[in-house]
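> Give me a model of this one.
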Amino acid sequence: MKANEFYQQGIDRGRKGQYKEAFDDLTQAINLNPEFAEAYIYRAHARTGIEDKQGAVADFQKAIDIYKSRGRSDIADLLLTPLQALKNEIEWGDE
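Sure thing, here's the model as predicted:
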């Protein structure tokens, strides 16, 4: 399968609540295309679903870095909100 196929399959599984399977598919997409920023974003959501918030933070940060390197700070800035929300959850707990 190609990176885009793994990506689409991961999104579909994530929408069904199959977060572990979505994570695996999105990881395959990233392995095939390490600069696949969108796959990092959706993998961050999948990681949140499997309670891997530290991993989700890392994935959001990687997507931000990729977008900035492409000169797309506008998109990178949009990802700062969910990134900060996750950091706050980690710092303060899920109260």
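> What is the neighbour count of R13?
When neighbours are defined as other Cβ atoms under 10 Å, R13 has 19 of them. Bear in mind the C-beta positions are built from the backbone N, C-alpha and C, glycine included.
> mind listing what it touches?
Neighbouring residues of R13 by Cβ atoms under 8 Å, 6 or more residues apart in numbering: 19, 21-22, 25.
> Likewise for N88?
Counting by Cβ under 8 Å, 6+ apart, N88 makes contact with nothing.
> Can you give me the buried ones in the strand or helix carrying it?
For N88, the enclosing helix or strand under DSSP states H and E is helix 80-92. By neighbour count, and taking 16 or more other Cβ atoms under 10 Å as the criterion, the buried residues in helix 80-92 are 82-83, 86-87.
> pLDDT averaged over the longest helix anywhere in the chain, what's the number?
Longest helix in the chain by number of residues, with DSSP state H as the criterion: helix 53-69. Across helix 53-69, pLDDT averages out at 97.
> Please enumerate residues in contact with the next helix or strand after it?
Later in the chain than helix 53-69, the nearest helix or strand by DSSP H and E is helix 73-78. Judged by Cβ under 8 Å, 6+ apart, the contacts made with helix 73-78 from elsewhere in the structure are 37, 63-65, 67-68.
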